[in-house]
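Student: Sequence plus the predicted model coming up.
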Amino acid sequence: MVFSEPLWLAFALLAIPAALLAVKWFASMSPARRWVSAFIRASLIVLIALLLAGANRVQQSDRLAVIAVIDASQSVRAYYDAGIGDDGRPIDPQTAIRAWLRAATGDARDASGITTFDARTATLFEPFRRSANDLLGVVVFDARPHAIAAPTIPAVALNRSFETPSAEGTDIAEALRLAAALIPPDAAGRLVLFSDGNETQGDARRAAGELAGSGGVRVPVDVVPLVYRVQREVIVEGVDVPPRAPTRSTVTARVNIRSTHSTSGTLRLFREGREIDISGGADGRGRRISLEPGMNTELVEVTLPDDSLHRFRAVYEPDTIDGRLDDTNLANNIAEGFT
């Protein structure tokens with residue numbers, strides 16, 4: 001039994017005079033009822049003192065359940081560089097994390113610690129001696145967390161597929177709460193979060209505070225930051241067109257494109273799903289454009305037909321350099337506008 005506020009135990013001393021006063025005041029009662037009443041009042045005071053002192057029962061266990069909380073959001077999939085595999089292709093982030101966990105849990109006789117595995121390797125907590133009884137669980141998340149494996153033998157957990165239904169967004173807080181709920185009651189728990197830290201919903205700091213609890217740290221959360229720097233990326237940020245325009249008039253569509261580097265590609269413009277010829281007489285229907293670092297704006301003159309609503313969609317297609325597209329994430333190469 002341990003106490004978070006032991007000074008409140010002094011309050012329990014009031015139980016003695018309270019019992020004596022009860023015996024004196026209840027003299028009209030039978031001796032049995034008088035002493036029972038005094039005992040109940042004294043016990044109540046002692047119980048209140050224990051509650052105020054924050055009494056906790058400490059259960060010792062040599063089992064440790066580590067839950068790997070793995071970020072599978074679009075930002076990690078698109079931008080995190082886990083290296084190049086033997087086949088010359090980029091390594092999937094989840095594959096790199098699985099290999100790291102397999103190496104860290106491979107031999108119970110080895111001391112294990114958490115370190116980052118990017119270019120800026122740093123120890124996140126000191127190595128610990130892993131017991132053969134220790135368990136590993138896996139939670140994979142984007143906007144929704146998914147329990148891949150409840151705490152079990154590490155080899156079993158790592159043989160599970162990490163693939164889950166994708167949802168747009170990142171909710172670290174819910175993933176931490178789900179991971180903490182998986183920790184068995186007879187084992188100490190520890191969470192290891194693999195993430196870039198970009199959350200679109202929830203509050204990860206608040207969730208970590210909830211896991212800490214009021215009586216001290218209950219479930220420590222260690223973080224393996226998936227650090228990356230976007231170097232070759234093009235984003236179509238929007239298509240600006242007049243909100244109103246007369247029928248059969250000519251309007252100017254402003255396509256805003258942001259680039260991290262100098263590059264080139266093809267811009268295509270669609271109205272109601274049909275491609276408009278903006279090539280200016282060149283081959284094809286798209287317009288060849290060159291982009292500089294920063295914001296680039298392309299002006300496109302479009303003649304409106306008789307329809308009352310016109311929906312435009314701009315698509316940027318990057319060029320291929322040395323067999324690879326000169327853009328990291330193609331999902332953000334589309335934007336729409338309405339007139």
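Tutor: Good, I have the coordinates.

Student: and residue 16, what is it in contact with?
Tutor: Contacts for residue 16 (Cβ atoms under 8 Å, 6 or more residues apart in numbering) come out as residue 42. For glycine as for every other residue, the C-beta is placed from the backbone atoms N, C-alpha and C.

Student: try it again with 10 Å
Tutor: 42, 45 (Cβ atoms under 10 Å, 6 or more residues apart in numbering).

Student: Same question for residue 252.
Tutor: Counted by Cβ under 10 Å, 6+ apart, residue 252 has contacts 240-242, 299-302.

Student: which residues does residue 294 bridge with?
Tutor: Judged by DSSP bridges, the bridge partners of residue 294 are residue 259.

Student: what number of residues lie near it?
Tutor: 9 (other Cβ atoms under 10 Å).

Student: can you check residue 249 too?
Tutor: Neighbours around residue 249, by other Cβ under 10 Å: 11.

Student: ditto for residue 63
Tutor: Using other Cβ under 10 Å: residue 63 sits among 15 other residues.

Student: list the buried ones in stretch 283-296?
Tutor: Residues 286-287, 291, 296 are the ones in stretch 283-296 that count as buried (16 or more other Cβ atoms under 10 Å).

Student: distance between the ends of it?
Tutor: Criterion Cα to Cα, to the nearest Å; first-to-last residue distance in stretch 283-296 is 23 Å.

Student: in which helix or strand would I find residue 156?
Tutor: helix 154-158 (DSSP states H and E).

Student: That helix packs against which elements?
Tutor: strand 64-71, helix 93-104, strand 135-141, strand 145-152 (3 or more Cβ pairs under 10 Å, 6 or more residues apart in numbering; DSSP states H and E).

Student: Sheet-wise, list the partners of the third one with their directions.
Tutor: Which is strand 135-141. Counting by DSSP bridges, strand 135-141 is paired with strand 64-71 (parallel), strand 145-152 (antiparallel).

Student: Tell me how far that strand lies from the chain's centre.
Tutor: From the chain centre to the centre of strand 135-141 is a distance of 13 Å (Cα atoms, centre = their mean, to the nearest Å).

Student: next one: the second one
Tutor: Going by Cα atoms, centre = their mean, the spacing between the C-alpha centre of helix 93-104 and its chain's C-alpha centre is 17 Å.

Student: Sort out which residues of that helix are buried, please.
Tutor: Buried, per 16+ other Cβ under 10 Å, within helix 93-104: 93-94, 96-98, 100-101, 104.

Student: by how many degrees do that helix and strand 135-141 diverge?
Tutor: 170 degrees (axes from the mean of the first three to the mean of the last three Cα atoms, to 10 degrees).

Student: again, but for the last one
Tutor: Here the directions of strand 145-152 and strand 135-141 differ by 170 degrees (the same axes, to 10 degrees).

Student: which intervals of the stretch 51-200 of the chain have sub-threshold pLDDT?
Tutor: Along the stretch 51-200 of the chain, segments meeting pLDDT under 70 span 57-61, 107-132.

Student: for the residue positioned nearest the centre of the chain, what are its contacts?
Tutor: When Cα atoms, centre = their mean is applied to the chain, the residue found nearest the centroid is residue 172 (3.0 Å). Listed by Cβ under 10 Å, 6+ apart, the contact set of residue 172 reads 69, 71, 73, 141, 145, 193, 195-205, 207-208, 221, 223.

Student: mind running it again at 6 Å?
Tutor: 199, 204 (Cβ atoms under 6 Å, 6 or more residues apart in numbering).

Student: Equivalent analysis for residue 18, please.
Tutor: 41-42, 45 are the contacts of residue 18 under Cβ under 6 Å, 6+ apart.

Student: element containing it?
Tutor: Under the assignment here (DSSP H and E), residue 18 is part of helix 15-25.

Student: Next secondary structure after that helix?
Tutor: helix 31-52.

Student: Can you give me the buried ones in that following helix?
Tutor: Per 16+ other Cβ under 10 Å, helix 31-52 contains these buried residues: 34, 37-38, 41-42, 45-46, 49-50.

Student: same thing with stretch 275-283?
Tutor: Quick answer for stretch 275-283 (16+ other Cβ under 10 Å): 276, 278.

Student: any idea how far it is from the chain center?
Tutor: On Cα atoms, centre = their mean, the centre of stretch 275-283 falls 43 Å from the chain's centre.

Student: same deal with stretch 156-175?
Tutor: On Cα atoms, centre = their mean, the centre of stretch 156-175 falls 10 Å from the chain's centre.
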